[in-house]
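Novice: all I have is the shape, not the residue letters:
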């Protein structure tokens, strides 16, 4: 048995954490207390590999047992699993941060992370590190958007497009599943904390839509539609429907020069609409409708065979082109230029409120509730928007 002062143990950065039970209240008190520590040649293994704990100066530190609880040195264990350790003497707090990553707790809606700062979000299914590498806005962003697809519409006079280039790394994924990446998981807000509508333009490739398994990294673009006069917009990833949770990033407005090989468009995109030849008109479906707002939820019309899914055409006022059906699937097709980004954003908010995001497949984004799955896709070749519903 050995005895020593706990206060000096903390001052030496050998801050012990309780492994088996809760930390003794003596840790929170500004007092010195003598404890009895039992050193029984305790070993530490991580994923089956034994580590030799050392302090910041390279001195070997031995774990100990006191009053039936086992204590380990934070710094040694954190180093072994890839975390940095910092001691805040003002608050008596041990801060652990993944190496090379700024802890998400340092940033918030009021203080979003600057460009180039990585943050980590932990969910019940995965741990994901995200970083906005760069932000392009204004004419430079529109240049790339128009070059990607000439049917993309320019931003309204009081708006500008903002392109964020984002990198995601799947640090840990439960049950060997893949993490589905999608622009849907990002939401933009103004400097005055008002949510922006989703952008409906075709994103310059590579867009932020993919799947990655544990250890995988992917980089893609996301397009936001922002007020031109907004001094400091921001975006959040993983925000819940009630506004809680998520990690926040700044979207600084700049006028970066576009790549030298890309020319600023001099003509506006055409907006002619051609119905796909494979679609069979359905006279029972709505052909004209008045957009419904979020304040009129009691008047929302639902697809007659799927009472949990709001009718996209009835809600947004989109022009219905036709439908295809079989025993388990139905596809509703609309003119992609016949509805506004505002009505589209309101519709997706309804979907995200009642349905669970399950991932992407090709150009489709899917949500599920009970035995019904609904997917959404913009088809830029035929210039239509589809709502796909299946009960498989």
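Specialist: On my side now, so go ahead. Just so you know, these numbers come straight off a predicted model, no measurement behind them. Numbering: from 1, shown residues only.

Novice: so after the lengthiest helix in the chain, what's the next helix or strand?
Specialist: Among the segments of the chain that qualify as a helix by DSSP state H, the longest is helix 341-354. Next helix or strand after helix 341-354 toward the C-terminus (DSSP states H and E): strand 356-361.

Novice: so what touches that following strand?
Specialist: For strand 356-361, the external contacting residues (C-beta atoms under 8 Å, 6 or more residues apart in numbering) are 178, 180-182, 184-185, 209-211, 365-369, 373, 375. From N, CA and C alone the C-beta is placed, and that goes for glycine too.

Novice: 10 Å instead, please
Specialist: Contacting residues not belonging to strand 356-361 are listed as 177-185, 209-211, 351, 365-369, 373-375, 377, 388 [C-beta atoms under 10 Å, 6 or more residues apart in numbering].

Novice: all strands of the stretch 1-150 of the chain, in order?
Specialist: Listed in chain order, the strands of the stretch 1-150 of the chain (DSSP state E, counting those that start in this stretch) span residues 2-5, 16-18, 34-37, 44-46, 49-51, 64-66, 69-73, 83-88, 93-98, 118-122, 126-137.

Novice: right, and those - which one's nearest residue 147?
Specialist: strand 126-137 (12.5 Å; C-beta to C-beta).

Novice: by contact count, what packs against that closest one?
Specialist: Packed against strand 126-137 by the contact rule (3 or more C-beta pairs under 10 Å, 6 or more residues apart in numbering; DSSP states H and E) you find strand 118-122, helix 138-148, strand 159-173, strand 179-181, strand 217-227, strand 234-237, strand 247-250.

Novice: list the buried residues of that strand.
Specialist: Neighbour counts over strand 126-137 (16 or more other C-beta atoms under 10 Å) mark 126, 127, 128, 129, 130, 131, 132, 135, 136, 137 as buried.

Novice: ok, the last one touching residue 163?
Specialist: I take that to be residue 137. Yes. Here residue 137 lies in contact with residue 163, judged by C-beta atoms under 10 Å, at a distance of 7.3 Å.

Novice: any idea how far residue 222 lies from residue 166?
Specialist: Relative to residue 166, residue 222 is positioned 6 Å away (C-beta to C-beta, to the nearest Å).

Novice: for the two, list the residues in contact with both.
Specialist: Taking C-beta under 10 Å, 6+ apart as the contact criterion, the residues that touch both residue 222 and residue 166 are 132, 181, 183, 186, 208, 235, 237.

Novice: can you lay out those as TSV showing distance to residue 243 and pLDDT?
Specialist: Below are these laid out as TSV (distance: C-beta to C-beta, whole Å; pLDDT from 0 to 100):
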residue	distance to residue 243	pLDDT
132	21	96
181	22	91
183	19	85
186	14	93
208	22	93
235	14	96
237	14	94
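
Novice: relative to residue 337, which of those is nearest.
Specialist: Sorting those by distance to residue 337 puts residue 183 at the head of the list, at 19.8 Å, by C-beta to C-beta.

Novice: the closest one: what's its closest spatial neighbour, skipping adjacent residues?
Specialist: If you skip the residues right next to it in sequence, residue 183 has residue 222 as its closest partner in space, 4.6 Å away by C-beta to C-beta, 6 or more residues apart in numbering.

Novice: show me what contacts the nearest residue to residue 248 once chain neighbours are set aside?
Specialist: On the basis of C-beta to C-beta, 6+ apart, the spatially nearest residue to residue 248 that is not a chain neighbour turns out to be residue 112, at 4.0 Å. Contacts here follow C-beta under 10 Å, 6+ apart; on that basis residue 112 touches 119, 132, 189, 232-236, 247-252.

Novice: helices and strands of the protein: which one has the lowest mean pLDDT?
Specialist: Of all regular secondary-structure elements in the chain, judged by mean pLDDT, DSSP states H and E, the least confident is helix 6-11 with a mean of 34.

Novice: residue 373 contacts residue 391, correct?
Specialist: Yes. Counting by C-beta under 10 Å, a contact exists between residue 373 and residue 391, whose distance comes to 7.7 Å.

Novice: return the set of residues that bridge with residue 220.
Specialist: Note on residue 220: beta-bridge partners by DSSP bridges are residue 166.

Novice: okay, the residue sitting nearest the centre point of the chain and residue 138: tell me how far apart.
Specialist: The chain has residue 237 as the residue nearest its centroid, 3.1 Å off, counting by C-alpha atoms, centre = their mean. For residue 237, the distance to residue 138 (C-beta to C-beta) stands at 23 Å.

Novice: again with residue 195
Specialist: Distance from residue 195 to residue 138, counting by C-beta to C-beta: 21 Å.

Novice: the more surrounded of these two?
Specialist: The neighbour comparison of residue 195 against residue 138 (other C-beta atoms under 10 Å) goes to residue 138, with 17 against 14.

Novice: list the buried residues of the longest helix of the chain.
Specialist: Neighbour counts using 16+ other C-beta under 10 Å place 341, 342, 343, 344, 345, 346, 347, 348, 350, 351, 352 of helix 341-354 among the buried residues.

Novice: packing partners of that helix?
Specialist: With contacts defined as 3+ C-beta pairs under 10 Å, 6+ apart, the secondary structure elements packing on helix 341-354 are strand 186-189, strand 217-227, helix 312-316, strand 364-369, strand 372-379, strand 384-390.
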